[in-house]
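A.B. asks: A structural model of the following input is requested.
(chains A and B)
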Amino acid sequence: NAGVTQTPKFQVLKTGQSMTLQCAQDMNHNSMYWYRQDPGMGLRLIYYSASEGTTDKGEVPNGYNVSRLNKREFSLRLESAAPSQTSVYFCASSDPPHGTHFGNGTRLTVT
Amino acid sequence: DQQVKQNSPSLSVQEGRISILNCDYTNSMFDYFLWYKKYPAEGPTFLISISSIKDKNEDGRFTVFLNKSAKHLSLHIVPSQPGDSAVYFCAVYNQGGKLIFGQGTELSVKP
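C.D. replies: A predicted model of the protein is given here:
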């Protein structure tokens, strides 16, 4: 029972490069989320998907795009990485209002 | 505009004593509140929740209190143990189903 799996665990990018963070859940949850965690800022919602085929902006969506490929998968794309996007990224899934399950995070550094 | 606020970045408590973590929110329409615990290099894990129709929910050593008139909730841990040392986040589901987090409080329980 894997829960929420996100890849990669670590990534270093140069400014302007692109990459996609992958996330998959095996709990048949409808809702999926992408957060970033920065020191002193807590967990800030980047994008949210209430169900397959729907996505909605969160608190900090600029510079990111998402795809809800199917019920299991929700990917986050950085088209042109910037140093301000250096952060730890977490994917999560839930069936509101129940508790959310998180992946173990992707540590991204943009130089 | 911070919808969920945890004003104490850190808290230090002696083992065996009570830990009280606080959280304030801005929107009286929020109706489901959650607490998460996070260890370094791991994703957050769901701890306990409360709906707005209740003012208290208890699970073992953990109790969450909700004061709707003050838009305030708190997490009590009794007795505190060194293994409780972690960052604690409060969170709310807003009307759109998005899960919004506070900034977190780092709890240190000293033996």
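A.B. asks: Within range of chain A, give me the residues from chain B.
C.D. replies: B:6, B:9, B:31-32, B:34, B:36, B:41-46, B:49, B:51, B:89, B:91, B:93, B:96-104 (Cβ under 8 Å from any Cβ of the partner chain). Glycine gets a C-beta too; all of them are placed from N, C-alpha and C.
A.B. asks: My guess is residue A:13 contacts residue A:87. True?
C.D. replies: No. Counting by Cβ atoms under 8 Å, residue A:13 does not reach residue A:87; the two are 11.8 Å apart.
A.B. asks: Common neighbours of these two, please.
C.D. replies: Listed as contacting both residue A:13 and residue A:87 by Cβ atoms under 8 Å, 6 or more residues apart in numbering or on different chains are residue A:108.
A.B. asks: Pick out the residue nearest the middle of chain A.
C.D. replies: Centroid check for chain A by Cα atoms, centre = their mean gives residue A:34 as the closest residue, at 3.0 Å.
A.B. asks: bridging residues for it?
C.D. replies: Note on residue A:34: beta-bridge partners by DSSP bridges are residue A:47, residue A:91.
A.B. asks: hang on, the earlier thing: mind checking which of the residues of chain B next to chain A are in helices?
C.D. replies: Among the residues of chain B next to chain A, DSSP state H puts none in helices.
A.B. asks: Of those, select the buried ones using a PyMOL command.
C.D. replies: Buried members of these, defined by 16 or more other Cβ atoms under 10 Å in any protein chain shown, are picked up in PyMOL with:
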select buried, chain B and resi 6+31+32+34+36+43+44+46+49+89+91+93+97+98+99+100+101+102+103+104
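A.B. asks: Please narrow the residues of chain B next to chain A to those residing in strands.
C.D. replies: B:32, B:34, B:36, B:45-46, B:49, B:51, B:89, B:91, B:93, B:99-101 (DSSP state E).
A.B. asks: of all the residues you listed, which comes closest to residue B:25?
C.D. replies: Closest approach between those and residue B:25, by Cβ to Cβ: residue B:100, at 8.7 Å.
A.B. asks: any weak-confidence spans in chain A?
C.D. replies: Along chain A, the parts satisfying pLDDT under 70 run over A:1.
A.B. asks: Near chain B, which residues of it? Just list them.
C.D. replies: Counting by Cβ under 8 Å from any Cβ, chain A sits next to chain B at A:4, A:31, A:33, A:35, A:40-45, A:48, A:50, A:56, A:58-59, A:90, A:92, A:94, A:96-105.
A.B. asks: Touching, residue A:3 and residue A:101? I think so.
C.D. replies: Yes. Counting by Cβ under 8 Å, residue A:3 touches residue A:101, with 5.3 Å between them.
A.B. asks: more neighbours, those two?
C.D. replies: The neighbour comparison of residue A:3 against residue A:101 (other Cβ atoms under 10 Å in any protein chain shown) goes to residue A:101, with 18 against 14.
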